[in-house]
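>>> test case, fold it:
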Amino acid sequence: MEQTLVLIKPDAVERGLVGKIINRFEEKGLKIVAMKMEHISREVAEAHYREHRGKPFYRELVDFITSGPLVAMVLQGPGAIETVRRIMGDTAGTTPGTIRGDWAEGVTRNLVHGSDSPASAAREIAIFFGQGEGITR
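Modelled structure (predicted):
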């Protein structure tokens, strides 16, 4: 079973879309193995977005993700990473029928994040869920 990190970002929390977003993943058969809501620190955000450090949009990403509470989840299932990415849709939100395509307000305010590879999933899960939080690795 593959695991992946999903973040339901502050814009989705603010707009009351958390339940609808979770429902899309659960309807596809993905299992929630860990979940929490928190307002993350700049340090956590910087660790999460470290591969974008130095890019023109880095500060905007960090500012946005720390602007309010988010929901962090670990989802599990066969091919979880690819399944989550298909359900989320492209970053710009141009694919109708996806979370971003249906509700995103732009590239930054695009509601969700999902890990893009097994290595990213392991690194990101470790950032948001420490030891003893019920995650199998």
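
>>> pull out the buried residues from the helix or strand encompassing residue 101.
Using DSSP states H and E, residue 101 falls within helix 99-103. Under the neighbour-count criterion of 16 or more other CB atoms under 10 Å, helix 99-103 has 99-101, 103 buried. Bear in mind the C-beta positions are built from the backbone N, C-alpha and C, glycine included.

>>> what segments of the protein are strands?
Assigned by DSSP state E, the chain shows strands spanning 2-8, 31-38, 70-77, 112-114.

>>> tell me the helices and strands packed up against the second one.
It stands for strand 31-38. Here strand 31-38 is seen to pack against helix 18-27, strand 70-77 when contacts are counted using 3 or more CB pairs under 8 Å, 6 or more residues apart in numbering; DSSP states H and E.

>>> right, so of those, which gets closest to residue 44?
Nearest of those to residue 44, taken as CB to CB: strand 70-77 at 9.8 Å.

>>> packing partners of that closest one?
strand 2-8, helix 10-14, helix 18-27, strand 31-38.

>>> mind putting these into TSV with mean neighbour count and distance to residue 95?
Below are those laid out as TSV (neighbours: other CB atoms under 10 Å; distance: least, CB to CB, whole Å):
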stretch	mean neighbour count	distance to residue 95
strand 2-8	23	17
helix 10-14	19	17
helix 18-27	15	13
strand 31-38	14	24
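
>>> can I get those in CSV with mean pLDDT and distance to residue 75?
Shown next, in CSV, are the helices and strands packed on strand 70-77 (pLDDT from 0 to 100; distance: least, CB to CB, whole Å):
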stretch, mean pLDDT, distance to residue 75
strand 2-8, 97, 6
helix 10-14, 98, 15
helix 18-27, 98, 6
strand 31-38, 97, 6
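
>>> quick one: which of these is nearest residue 121?
Short answer: strand 2-8, nearest of these by CB to CB, at 4.6 Å.

>>> paired strands for the closest one, with orientation please.
With DSSP bridges as the test, strand 2-8 is paired with strand 70-77 (antiparallel), strand 112-114 (antiparallel).
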